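Participant: please work out how this folds:
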Amino acid sequence: MPGCSFQPEEYNDMSKEKMLEIRRQYCNPMTMKVTMYKKPVFIHQGHMQWLWDVDGRRYLDLFAGVATVSVGHCHPKVTAAAEKQLRKLWHTTNIYVYPTLHEYCEKLASHLPDPLKVVYLTNSGSEANELAMLMARLYTGNFDIINLRGSYHGGSPSTMALTSNSAYKYTVPSGLGCTNTMCPDVFRGPWGGTHCRDSPIQTIRDCGCAQGDCMAHHMYIGQLKETFATSVPSRIAAFFGEPIQGVGGAVQYPKNYLKEAYELVRERGGVCIADEVQTGFGRTGSHYWGFQGHDVIPDMVTMAKGIGNGFPMGAVVTTPEIAAAFGKGVHFNTFGGNPVACAIGSSILDVIKEDRTQQISHDVGTYLLTELAKFRDKYEIIGDVRGKGLMIGVEMVKDKASRDPLPPGDMAEILEDTKDMGVLIGKGGVYGQTFRVKPPMCITMDDAEFFLAVFDKSIQNYMDRR
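Facilitator: Residues are numbered from 1 along each chain as shown. Reported below is the predicted structural model:
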């Protein structure tokens, strides 16, 4: 494991047994369900890309609290900004005028292209997406919204309709006005080839397309057109899309898919919404925002997670025209634009620039993708490696011929083994078949080498047990 000069505080708090007892007795049962490991990790402290458990064991965190810790756990500059603001003003609301809010909104807007210059701050990604749905419907006067299968846009009552994955659905009405269309997944979907993706690593599927042409693009756009023709009215409110699917397993689309999809949506009166909750703030490496990699400018951008480095905040950024439609009623948010949140958000924008985290995402992420592709060629159970920057997915299969997902129990074995060797990663995908590597954007090449060694060993251990 790479060295670390930081020394965590000695743990002298609640026992692991007592924590589990309270978790079982007083916490909602959902907290037990989402624990990924057979032997839970009891986290005590974090610093940059590292986490320590209550026993003093150090872990390399390559999941970053589900792609949330952008610049590093307890980054000193971000921590200092929070402490400074806490001593001055914890809370007020935007019914008053205070400098922290306005300084941050101006700074955030400066990172987006025209005409995306109007900011509304929220507490989470779910809230940002729900607000974007409302704005789209108010502005267009239309109701229906289209999203991609396999997407995740939140767990609030309205965004649950946008989220197209049964694991996050409940047996209550949630789909009113939202229609999903086929996800243009060039590995698991019916069409795809070796030149489809804007990624250092392509699929292993054969591609007979002529130079500059993409059959998969045409076929998936055809599916979208069929959705327009059969499932929604002639006028719609919006199209929601992540530039790269996050919870869906780092799924990437054929080049120019979003560009043509945006054109089709706008022809039908709709607005285009980019969910940058996981792809934003330089994580894809090549661009600050994921949508820039698709050569599009959306009408609205939603963001959360990395915006606050783990502090609960989110935002909707849109055009003046769309924002004006929001004035038809009154919308109030008690905590959106909180002074501490704004101070933290502002410092994160500074740190991304000063620490060159976007460049780190590009360099370390490209190296990881290239090396993981060698594992794909080595192991029959690794079906696909994909992503950009530090937004990486490794899709596991029973075999490459069938592309059938590796069963949940098998995925859990590998995940547990990786954790026991000191690395924390995540998983996702419609069938839970994809390992997700989305670390804080401060990791080093040494960290990457350690992860590769651990992951290789965990796959080999799994194969040896078979």
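Participant: what's the burial count for the residue nearest to residue 368 when sequence neighbours are not counted?
Facilitator: For residue 368, ignoring the flanking residues on the chain, the nearest one in space by Cβ to Cβ, 6 or more residues apart in numbering is residue 448 at 5.3 Å. For every residue, glycine as well, the C-beta is placed using N, CA and C. Residue 448: 23 surrounding residues under other Cβ atoms under 10 Å.
Participant: which pLDDT value belongs to residue 33?
Facilitator: Note on residue 33: pLDDT of 72.
Participant: how much space between it and residue 284?
Facilitator: In this view, residue 33 and residue 284 are 31 Å apart by Cβ to Cβ, to the nearest Å.
Participant: neighbour count for these two, which is higher?
Facilitator: Just comparing residue 33 and residue 284: by other Cβ under 10 Å the higher neighbour count belongs to residue 284, 29 against 7.
Participant: ok, that one touching residue 366?
Facilitator: No: assessed by Cβ atoms under 8 Å, residue 284 is found out of contact with residue 366, at 10.9 Å.
Participant: and the residue nearest to residue 368, what helix or strand is that in?
Facilitator: Using DSSP states H and E, residue 448 sits within helix 445-465.
Participant: confirm that residue 395 sits in a helix.
Facilitator: No: Residue 395 is assigned strand when assessed by DSSP: H, G, I helix; E, B strand; the rest coil, not a helix.
Participant: which non-adjacent residue is nearest it?
Facilitator: The shortest distance from residue 395 to any non-neighbouring residue, by Cβ to Cβ, 6+ apart, is to residue 384 (4.1 Å).
Participant: ok, back up a step: isn't the residue nearest to residue 368 right up against residue 364?
Facilitator: Yes: using Cβ under 8 Å, residue 448 is in contact with residue 364, at 5.4 Å.
Participant: what about the residue nearest to residue 326 when sequence neighbours are not counted, how many residues nearby?
Facilitator: Leaving aside its sequence neighbours, residue 326 sits nearest to residue 135 (Cβ to Cβ, 6+ apart; 5.4 Å). Residues lying near residue 135 (other Cβ under 10 Å) number 24.
Participant: sec struct for residue 7, please.
Facilitator: At residue 7 the chain is in coil, as set by three-state DSSP.
Participant: phi first, then psi, for it.
Facilitator: Residue 7 adopts backbone torsions of phi -110, psi 110, taken as degrees, to the nearest 10.
Participant: which pLDDT value goes with it?
Facilitator: For residue 7, the model assigns a pLDDT of 96.
Participant: ditto for residue 329
Facilitator: Model confidence at residue 329, given as pLDDT, is 87.
Participant: give me the next element, helix or strand, following the helix or strand hosting residue 228.
Facilitator: Per DSSP H and E: residue 228 is located in helix 215-230. In the C-terminal direction, the helix or strand that comes right after helix 215-230 (DSSP H and E) is strand 238-241.
Participant: let me know the average pLDDT across that next one.
Facilitator: Regarding strand 238-241, the rounded mean pLDDT is 98.
Participant: partner strands of that strand, parallel or antiparallel?
Facilitator: Applying DSSP bridges, strand 238-241 is found paired with strand 145-148 (parallel), strand 271-275 (parallel).
Participant: and these, which is most packed in?
Facilitator: Most buried of the strands paired with strand 238-241 by mean neighbour count (mean count of other Cβ atoms under 10 Å) is strand 271-275; its value is a mean of 28.
Participant: show residues contacting that strand.
Facilitator: Strand 271-275 has contacts (Cβ atoms under 8 Å, 6 or more residues apart in numbering) with 125, 129, 132, 136, 139-140, 151, 153, 237-243, 261-262, 265-266, 289-291, 296, 298-302, 322.
Participant: send me the next helix or strand after it as CSV with only the CA atoms.
Facilitator: Sequence-wise, the next helix or strand downstream of strand 271-275 (DSSP H and E) is strand 300-303. Output in CSV follows, covering the C-alpha atoms of strand 300-303 (Å, rounded to 0.1, in the frame of the first residue of the first chain):
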residue,chain,number,x,y,z
MET,A,300,-30.5,23.0,-17.8
VAL,A,301,-27.7,21.4,-15.8
THR,A,302,-28.3,19.7,-12.4
MET,A,303,-25.4,19.0,-10.0
